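> Sharing a sequence plus its predicted fold:
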Amino acid sequence: MTYYGPKEMSNSFRTVRNNTLAVARDIPEESYSFQPAPETRTVAQTLIHLAVSPRMALQIHKVERRSTLQGFDFMSFMGGLIAAEKAGGSKAEIIDLLQTTGDEVADFMGSVDDAFLAEEVIMPEGMTPAFKTRFEMLLGLKEHEMHHRGQLMLVERMLGVVPHLTRQMQERVAAMQAAQTAKAGA
């Protein structure tokens, strides 16, 4: 019995992307050029990176349905992604790109079956492990996004913005405290 399949993967990715979209909306557009340290991406570049980087997985798993990554021209493909990051865009354009690519990835994840996710893909020569399942590779998209979203949430704090997940937790705690106070006063 499988507890986490295509439907769950799709829903989970949508949740992660929706949280990234909330961060993108919370950061003021004038702060999109903020770069927390030399040789790091700006806010805009990080958000564009999150929007465009899944294109590689779509190329490998959806377009080409590769069973091996040996011979895949990573450098050429990455060059296009890096160019997109550097091209930038307005806050509205970046949010639209995040929404569009997020939907495309989640729709793809939800369209596959368990047999597809179980398929093994041979990694480039010299990599360890020698192969990964499509499940592991696609799940990596969510892990990658959460990694960078954590960076963006720290940037929010640096900019004086309380992250939405923190605000939501504070609201839940305040509601529980109010309920406890009302119960004690009754």
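Now that the structure is in, tell me what you want to look at.
> And the strands in this structure, which stretches?
With DSSP state E, the ranges of strands along the chain come out as 120-122, 131-133.
> Let me see the contact set for residue 67.
Residues counted as contacts of residue 67 (CB atoms under 8 Å, 6 or more residues apart in numbering) are 119-122. Every residue, glycine included, has its C-beta placed from N, CA and C.
> swap the cut-off to 7 Å and go again
By CB atoms under 7 Å, 6 or more residues apart in numbering, the contact list for residue 67 reads 121-122.
> if we can go back for a sec, export the strands of the chain to a markdown table and tack on mean pLDDT and mean neighbour count?
Shown next, in a markdown table, are the strands of the chain (pLDDT from 0 to 100; neighbours: other CB atoms under 10 Å):
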| stretch | mean pLDDT | mean neighbour count |
| --- | --- | --- |
| strand 120-122 | 97 | 16 |
| strand 131-133 | 97 | 15 |
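> how deep is residue 72 tucked in, by neighbour count?
16 (other CB atoms under 10 Å).
> Make residue 1 into 10 and carry on from there
Noted, 10 is the first residue going forward, which turns the last one into residue 81.
> Pull up the gap between it and residue 140, please.
From residue 81 across to residue 140, the span is 14 Å (CB to CB, to the nearest Å).
> same question, residue 159
29 Å.
> Likewise for residue 189?
For residue 189, the distance to residue 140 (CB to CB) stands at 53 Å.
> re earlier: which among the strands of the chain is found nearest to residue 12?
Proximity to residue 12 (CB to CB) singles out strand 140-142 among these, at 15.6 Å.
> can you list contacts of the closest one?
For strand 140-142, contacts defined as CB under 7 Å, 6+ apart pick out 126-132.
> could you redo those residues as a markdown table and give each row distance to residue 107?
Listed next are those as a markdown table, based on distance: CB to CB, whole Å:
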| residue | distance to residue 107 |
| --- | --- |
| 126 | 24 |
| 127 | 30 |
| 128 | 28 |
| 129 | 31 |
| 130 | 26 |
| 131 | 31 |
| 132 | 28 |
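> Contacts only, for the residue nearest to residue 106 when sequence neighbours are not counted.
Take residue 106 and drop its neighbours on the chain: the residue closest to it by CB to CB, 6 or more residues apart in numbering is residue 60, 4.3 Å away. Applying CB under 7 Å, 6+ apart to residue 60 gives the contacts 103, 106-107, 110.
> could you redo the last one with a cut-off of 8 Å?
Contacts of residue 60 (CB under 8 Å, 6+ apart): 103, 106-107, 109-111.
> Separate out the buried members of those residues.
Buried subset of those (neighbour count, 16 or more other CB atoms under 10 Å): 103, 106-107, 110-111.
> ok, of the residues you listed, which one's closest to residue 77?
Closest approach between these and residue 77, by CB to CB: residue 110, at 25.2 Å.
> Give the closest residue to that closest one in space, chain neighbours not counted.
Nearest non-adjacent residue to residue 110 (CB to CB, 6+ apart): residue 60, at 4.9 Å.
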